[in-house]
Structures are given as C-alpha cells and as structure tokens.
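Peer 1: sharing a model that was predicted from the sequence below.
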Amino acid sequence: MEAIVVTTEPERVQTLSEIGLQHVPSQYIQPLENRPDKSRRKTTDSGVPVIDLFNFDPKHSDQLRHELRRACKEWGSFQITNHGVPKKLLDDMRNAGRSFFNNWSMEEKKKYSCDSSSAASEGYGSRMLVKDDSVLDWRDYFDHHTLPLSRRNPNRWPSFYRDVMVEYSNHMKELALKLLNMISESLSLPSSFIEDAVGEIYQNITISYYPPCPQPDLTLGLQSHSDMGAITLLIQDDVEGLHVLKDGEWITVQPITDAIVVILADQTEIITNGHYRSSQHRAVTNAQQARLSVATFHDPAKSRKISPAAHLTSENCPARYREVVYGDYVSSWYTKGPEGKRNIDALLL
C-alpha cells in the first residue's frame, strides 16, 4: 500500500496525547454513524478463525485448504500459528517500533518525516488521505518501502532497526506467497495462480502507533476500510484494538503473541471473482494504553491489470467485477477515501 502525501501535516497524535488533552480536537471526531458502537461489537472467543499451519507440513495440506476455504469465504481474515516466522523476529519488529515511538524525541523522529514533495510517502507521518477535510485517524505511523529491491533504501530508516526490517521483509514476502499459493489451491486453481495474477510483489511495512485517547468513543485509530492490494500480514502487541466486520457486527481480533493476522485485500477478491472476500476492518482507541501494530502489505505493480480469473467465471457465474489498472484503484482509494468497501463495490458489474 502506498501513501499519497499532502503538504498540510497535522500535529503528531502522540504529541496531542502526551500534553494531556481532555478533549480531542474536532478534526479527529468521527461522524455519529462511524463511531465505535459497543452494541455492535463482539469480543467472544468464537471470533476470527485461528489456523494452525503446522509449519506447512504436507501431511496437513487437505485440512489446511479446507480451513483456508472457510476462513477466506466467510471472513476474509484469520490468524495463523506455526507459520515458520521466528518468534524472536516478531518480537524484534515490535520492539523496534516501540523504541522509535517511545524512546526517541519528537525532533529526532521528525527527521524521518514523509517527504511532502514526493508522490509516494515513505517515513513518519499521521495523515494518509488526500482530502484536507477528511476526519483524521488517532494514529501516527512509519511507512517503509521494502520491495521490490529497487524501492528499498535502508538509509531512510533509523539505523538501529535496519537489519531487523530487512529480515522481517524477506520472511513476510515468503509467507505471503506461500499463503497465496494455498489460497489458490483451495479454489482448485494452479498453486501459483493468484501470485501470477498479482505479478511482481510491491511490499510496504507500516508500523502504526495508537496513543491513549481521552475520548475513545468519539474517535477511530484507523477508519473502516478494506486494504487495496492482494494480502496483508499484521502483528499486534497485547493491547486489543483491531476489529473486523462480520455479518454487520464488529469482532475484536484477540491478540495472540506469536500469531500473524492475515487480511485478504481487494485485488484478491477481484481475482477470485468474489468467491473470497476482502476483509473490512478498523482500529479503535482506548484511554489507558498505547497500542502498536505492524502491517505488511503485498500489492501488485501500479501498471498491473487485475480482473476475475477466467477459471472462476461461467455462464452461470459471470464476472462480478470489471478489470482495473491497480494504479487507478490506488488513486481512487486515497482521493475519495475508503469508507468501508466502496472502492471495490464501484467495480461491481
């Protein structure tokens, strides 16, 4: 996912939190219909599926394809364990984010601010959308361009975590491709089908920091949206805050220390002709604790054309989405704003 930079950068949310505001500024207050509504929020243990990948042991392939089919069709998101990514690397990545946001002065952090003269932001910021009148999220972030290698410039990242970021990037790409292959197989497609449809992977890694908020019932850490690309892999700390939408209700994704949250994105929904759904999700805030997450986005090149797989269309099941150039989709997402899944809904035939 690539961020388009605006020149009017608001005050960092962490600064607003630390000065002890009793009321959030008006630009962070969500419309009534978007505010967290506890009557529509569930935190039951029977929520987002948790799938044990058994370190991709072939003996479990049939079972995994069955579980993936159900999770992708009914949820569009799930958590995975025994995924092969070292626990130490997950911890190191979270600790890197905590160190940047909690141990560095604002003056030091702003040296890595997003470049307002660039069309694609990499760095430290708070605002993601082009619209100046959009409601702001209660979140600061550091976005890293990590793949392809031609985009990767570790000199733009704090030196103390460059090695960790490179190792994490490589592990996440390997895992994302394995998952896309298994997801293809679960639809009786060749294992490389979705990977081939997406083409060369463009990967961004975004560390998000959600400071304590004095009025969490009025704000969102990240507004409701589905991701633009193919597949997102996310790790959380131990503070609740990630919600996914299921059957009209927001379900809390309970933090599991060693698990990775898998979120299907819009291009995968298009490629699978709606057999599998991209996950609508959001982040909420709280008044007591900061929260940190690390999201790794895997997207097509902007010149890539995405359309439903011919294998999944027929006279009885015609194509549900028109073909789209991915770069046009990205521009629409950032210009209009996400507002749930309205961007992919605009492609429906």
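Peer 2: Thanks, I have the structure now.
Peer 1: for the rest of this, base every contact and every neighbour count on C-alpha atoms.
Peer 2: Fine.
Peer 1: contacts for stretch 265-283, please.
Peer 2: 72-77, 194, 197, 220-232, 241-245, 263-264, 306-309, 312-313, 319-321, 340-341, 344 (CA atoms under 8 Å, 6 or more residues apart in numbering).
Peer 1: so which bits of stretch 288-306 are buried?
Peer 2: For stretch 288-306, the neighbour count (16 or more other CA atoms under 10 Å) marks 290-301, 304-306 as buried.
Peer 1: for stretch 93-108, same thing?
Peer 2: Buried-residue list, stretch 93-108, by 16+ other CA under 10 Å: 93-94, 96-98, 100-101.
Peer 1: can you add secondary structure and give those residues back as CSV?
Peer 2: Formatted as CSV, those follow (DSSP: H, G, I helix; E, B strand; the rest coil):
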residue, secondary structure
93, helix
94, helix
96, helix
97, helix
98, helix
100, helix
101, helix
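Peer 1: helices of the stretch 151-300 of the chain, residue ranges please.
Peer 2: 162-186, 193-198, 266-271 (DSSP state H, counting those that start in this stretch).
Peer 1: and the buried residues of stretch 93-108 as CSV, adding distance to residue 112 and pLDDT?
Peer 2: Output for the buried residues of stretch 93-108, formatted as CSV (distance: CA to CA, whole Å; pLDDT from 0 to 100):
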residue, distance to residue 112, pLDDT
93, 18, 98
94, 18, 98
96, 15, 98
97, 14, 98
98, 16, 98
100, 11, 98
101, 12, 98
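Peer 1: can you redo those residues as a markdown table with distance to residue 171?
Peer 2: Compiled in a markdown table, the buried residues of stretch 93-108 are given as follows (distance: CA to CA, whole Å):
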| residue | distance to residue 171 |
| --- | --- |
| 93 | 12 |
| 94 | 15 |
| 96 | 16 |
| 97 | 17 |
| 98 | 20 |
| 100 | 22 |
| 101 | 24 |
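Peer 1: of these, which is the nearest to residue 187?
Peer 2: residue 93 (33.1 Å; CA to CA).
Peer 1: roughly how far apart are the closest residue to that closest one other than its chain neighbours and residue 97?
Peer 2: Spatial nearest neighbour of residue 93, excluding adjacent residues (CA to CA, 6 or more residues apart in numbering): residue 164 at 6.6 Å. Residue 164 is 11 Å from residue 97, where distance means CA to CA, to the nearest Å.
Peer 1: residue 148 and residue 84, how far apart?
Peer 2: Distance from residue 148 to residue 84, by CA to CA: 22 Å.
Peer 1: next one: residue 145
Peer 2: Distance from residue 145 to residue 84, by CA to CA: 23 Å.
Peer 1: any idea what the closest residue to residue 296 other than its chain neighbours is bridged to?
Peer 2: Using CA to CA, 6+ apart and skipping the chain neighbours, the partner closest in space to residue 296 is residue 205 (4.4 Å). Here residue 205 sits in beta bridges with residue 144, residue 296, going by DSSP bridges.
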